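Colleague: predicted structure and sequence below. I'll ask about it afterward.
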Amino acid sequence: MSTNLSALAERWFFPAVLVASLGALGVALSAQYGLGLEPCVLCQYQRIPYWMVAGMALVALLVPESDRGGVALMIAVVFALGAALAFYHFGVEQKWWAAATACAAQGGMPTSFDAFRAQPLAPIAKPCDAVDWTVFGLSITLYNSAMSLGLAVIAFAAAVSLRKRAP
């Protein structure tokens with residue numbers, strides 16, 4: 001049975017994780033450019049693990065001599081960190097804690113032209129505690145956290161399986 005699991009991990013893990021990462025990025029970019037949902041700084045940070053995993057999976061697929069078990073373990077760590085970041089963002093949205101970045105809700109609009117001129121010339125960023133849309137009453141950040149955590153568990157299992165298979 002473990003031999004079948006190892007063969008399955010060897011053949012399908014990296015293509016599947018590549019498709020999952022590109023799919024998640026496709027959803028995020030479609031929401032941004034297709035639906036006009038502006039991402040905050042933390043939303044943009046949550047895309048980084050998916051880009052990293054896509055790159056690592058691509059390297060594992062294109063370089064046969066790569067340590068596939070080691071790459072799978074690195075992917076598991078990146079997904080776990082992505083889950084933590086997404087959950088942190090969910091906590092900011094729920095106002096359980098304040099954002100450590102400069103994306104927390106900002107003050108109101110200036111009330112005079114002099115107040116406007118006194119502000120630094122920087123683009124107005126979307127606050128990280130603003131929730132654009134929910135599914136079943138839950139923010140997409142919570143779904144991202146759960147998906148990243150699930151992918152981290154799968155990647156860890158694949159890493160263990162691939163390590164056992166390696167000579």
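Modeller: Yes, it's here. Numbering: from 1, shown residues only.

Colleague: got phi/psi on Asp132?
Modeller: Main-chain dihedrals, Asp132, degrees, to the nearest 10: phi -80, psi -40.

Colleague: for Gly23, what are its contacts?
Modeller: Listed by CB atoms under 8 Å, 6 or more residues apart in numbering, Gly23 has no contact partners. Placement of C-beta: from N, CA and C, glycine included.

Colleague: please disregard the earlier target; I meant Asn144.
Modeller: The contact partners of Asn144, by CB under 8 Å, 6+ apart, come to 24, 46, 82-83, 86.

Colleague: low-confidence ranges, this structure, go.
Modeller: Along the chain, the parts satisfying pLDDT under 70 run over 1-7, 9, 101-102, 104-111, 115-124, 165-167.

Colleague: try 90 this time
Modeller: 1-11, 36-38, 41, 64-65, 98-135, 137, 161-167 (pLDDT under 90).

Colleague: out of the contacts of Asn144, which sit inside helices?
Modeller: Under the assignment DSSP state H, those contribute 24, 82-83, 86 to helices.

Colleague: now for the residues you listed: which two are most distant?
Modeller: Using CB to CB, the two most remote members of the ones in helices among the contacts of Asn144 are Ala24 and Ala83, lying 12.3 Å apart.

Colleague: so which helix or strand takes in the residue lying farthest from the centre of the chain?
Modeller: No residue in the chain sits farther from the centre than Asp114, which is 40.7 Å out by CA atoms, centre = their mean. In this assignment (DSSP states H and E), Asp114 forms part of helix 113-118.

Colleague: next SSE after that helix?
Modeller: Going down the chain from helix 113-118, the next helix or strand is strand 134-135, by DSSP H and E.

Colleague: sheet partners, orientation included, of that following strand?
Modeller: Sheet pairing of strand 134-135 (DSSP bridges) gives strand 138-139 (antiparallel).
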